[in-house]
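Participant: 3D model of this:
(2 chains)
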Amino acid sequence: AQTVTQSQPEMSVQEAETVTLSCTYDTSESDYYLFWYKQPPSRQMILVIRQEAYKQQNATENRFSVNFQKAAKSFSLKISDSQLGDAAMYFCAYRSAFGGTSYGKLTFGQGTILTVHP
Amino acid sequence: DAGVIQSPRHEVTEMGQEVTLRCKPISGHDYLFWYRQTMMRGLELLIYFNNNVPIDDSGMPEDRFSAKMPNASFSTLKIQPSEPRDSAVYFCASSLRADQPQHFGDGTRLSIL
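Facilitator: Numbering: from 1, shown residues only, chains lettered A, B, ... in the order given. From the prediction side, this is the model:
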């Protein structure tokens, strides 16, 4: 079974600064997808960014980028020019790319609470 | 486009009562997922459907929990009888295909007294 670990329960950053959230995962599969979701106090789950394991290029979405290290099974999220609206719980998630009953199933990490200071 | 719609947004009920949570997925999405979020266990997948058929229900905690998807636009998660330890936020999500991102509803916060 796959596991996802977020070792930072809480992180904080000054507005306009850069912060990196860590995520590691354990899998024996060669192909999979990785995601970062944001959960603000309103409790919506918002997809931030997605990475396909077979792609070597790191995904970017505006101020959000990832550092995907497949050999190390590491998938960190970098938020540049942090804004007050970035304050939220961030979840890293894994999904298999193979068929079977696990196909489509998301496995989440425990989450990291990000505080943004003005 | 309308997103995933869940109802109710909040539910407070007494132990032993039946609870029914509802979900309307995004139109055209073939996959529907039910998750539970608690402080202790984080986000856990309970069950998911493909084309209205349950594919994996290994996350359903016990027989008190049941889920149905009678058609492509509606699913229910039922707890009977409810217990205080069932208190959590329950999310429904849908995706176009299994390899596409999942879109989440706003969740139902369930409190069992």
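
Participant: So, low pLDDT: which residues of chain B?
Facilitator: B:1 (pLDDT under 70).

Participant: Return the residues of it in contact with chain A.
Facilitator: Residues of chain B lying close to chain A by C-beta under 8 Å from any C-beta of the partner chain are B:31, B:33, B:35, B:42-45, B:48, B:50, B:55-56, B:58, B:89, B:91, B:93, B:95, B:98-99, B:101-104, B:106-107, B:109. All C-beta spots, glycine's among them, are computed from the backbone N, C-alpha and C.

Participant: one more time with 7 Å, if that's ok
Facilitator: B:31, B:42-43, B:45, B:48, B:55-56, B:89, B:91, B:95, B:98-99, B:101-102, B:104, B:106-107 (C-beta under 7 Å from any C-beta of the partner chain).

Participant: Neighbour count says what about those? Which are buried?
Facilitator: B:31, B:42-43, B:45, B:48, B:55-56, B:89, B:91, B:95, B:98, B:102, B:104, B:106-107 (16 or more other C-beta atoms under 10 Å in any protein chain shown).

Participant: which of those residues lies closest to residue B:2?
Facilitator: residue B:106 (12.1 Å; C-beta to C-beta).

Participant: which residues in the chain form strands?
Facilitator: All of this refers to chain A. In chain A, strands defined by DSSP state E lie at A:3-5, A:10-14, A:19-21, A:24-26, A:32-39, A:46-52, A:60-61, A:64-69, A:74-79, A:88-96, A:106-108, A:112-117, listed in chain order.

Participant: wait, chain B
Facilitator: Going by DSSP E, chain B shows strands at B:5-7, B:10-13, B:19-24, B:31-38, B:42-50, B:53-56, B:65-71, B:74-79, B:88-95, B:103-104, B:108-112.

Participant: Lovely, talk soon.
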